[in-house]
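*Asks:* Here you go, sequence then predicted model.
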Amino acid sequence: VVGIACIVLVNIWRGILLTIEDGFRFHLITALPSTALVVVISMCLALGFSLKNSLPYFYGACGVITLIAGYCIFPWRLVQKREGKSVDFWQLITNGGDVFVQGIASSLQIYFCFSWLKHVDSLTVVGYFSIALVALNAFGFPLQSVAPMILNRWSREGDAKALHSGAKSIKKVLIAVTLISLISIGLTPFIVDRVLGLKFHDAVAAIQIMLLAITPLLVFRLASLRLVAVGQFRFNSIVIAARSLMLISLLNLVDLQSVAIQPVTVAALCWLIVEVLAAIVISCRVNHVRNALVVGEKL
């Protein structure tokens, strides 16, 4: 708890720093938590501490070190009021509440999916699905890493521009990612059998389905960044919560006895469906807000 609290504070501090600069200090504080964790664990293991019994203490130490180092990288004296205006803390709190809801909903989506798999089958298929999630997030992680800088740029461009800025480049990236994911789908059986072993072959179908979800996942995340850039935090929260509830509903509606599909494959299909629907809904919202802003500017 101490470790998580410290790292959350550093991430909040990092968000404030982003409003001032997005240069070396920002990159440094972004890499700080993961770097500190690796350094702390490596040093403690070198000193002979047990990873099994001491991991919580390692994480707590990582959080404290991150908090101290984060403040050294970005001291309070660098925070300046812009144009004499005071900080709107209430807006920070309400926006933070929406982000909190999004995090809880996303976590519950994974938790209930795992619980359903364990209930209808065993922990083995939970492990299979975990591998499929790792494959999906491997493609989403690079975007997550640069998302704050993209958001910062779009926020500075103004409402209308933020909703269509870089559209051509994004289309090219999505096409490239889609092609890579399709190639990865074809290579999945070979990679799983050779790297993980034949005992993981039952996870192949789920991994392939989750790789199909990469494009809608990226579409959703980019569209949600556009909405955040124009202050639409609440809509993102609603869509993410609805996505989680829909997945839970789909899993509970499936009659496994009437379909000749493994539970892990069913879970992956349901996950793909909700990702596609979420991407469509949030893309429609971006178009609606953009059209409304364009009309407003003309008026």
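*Replies:* It's in.

*Asks:* how far does the helix or strand hosting Pro56 sit from the chain's center?
*Replies:* Element membership of Pro56 [criterion: DSSP states H and E] is helix 51-73. Mean C-alpha position of helix 51-73 versus that of the full chain (CA atoms, centre = their mean, to the nearest Å) differs by 22 Å.

*Asks:* Now Ile41. Nearest residue, chain neighbours left out?
*Replies:* In space, and not counting its chain neighbours, Ile41 is closest to Phe58: 5.3 Å by CB to CB, 6 or more residues apart in numbering. C-beta: built from backbone N, CA, C; applies to glycine.

*Asks:* With only the CA atoms kept, save the helix holding Pro56 in PDB.
*Replies:* Only the C-alpha atoms of helix 51-73 are listed here, as PDB (Å, rounded to 0.1, in the frame of the first residue of the first chain):
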ATOM      1  CA  LEU A  51      12.600 -12.500  -3.400                       C
ATOM      2  CA  LYS A  52       9.700 -14.700  -2.200                       C
ATOM      3  CA  ASN A  53       9.500 -13.300   1.300                       C
ATOM      4  CA  SER A  54      10.700  -9.700   0.700                       C
ATOM      5  CA  LEU A  55       8.900  -8.600  -2.500                       C
ATOM      6  CA  PRO A  56       6.400  -6.400  -0.700                       C
ATOM      7  CA  TYR A  57       9.200  -4.700   1.200                       C
ATOM      8  CA  PHE A  58      11.100  -4.200  -2.100                       C
ATOM      9  CA  TYR A  59       8.000  -2.500  -3.700                       C
ATOM     10  CA  GLY A  60       7.500  -0.300  -0.600                       C
ATOM     11  CA  ALA A  61      11.100   0.800  -0.800                       C
ATOM     12  CA  CYS A  62      10.800   1.400  -4.500                       C
ATOM     13  CA  GLY A  63       7.800   3.700  -3.900                       C
ATOM     14  CA  VAL A  64       9.600   5.700  -1.200                       C
ATOM     15  CA  ILE A  65      12.700   6.100  -3.400                       C
ATOM     16  CA  THR A  66      10.600   7.000  -6.400                       C
ATOM     17  CA  LEU A  67       8.700   9.700  -4.400                       C
ATOM     18  CA  ILE A  68      11.900  11.300  -3.100                       C
ATOM     19  CA  ALA A  69      13.700  11.100  -6.500                       C
ATOM     20  CA  GLY A  70      10.600  12.400  -8.300                       C
ATOM     21  CA  TYR A  71      10.600  15.500  -6.100                       C
ATOM     22  CA  CYS A  72      14.300  16.000  -6.700                       C
ATOM     23  CA  ILE A  73      13.800  15.800 -10.500                       C
END
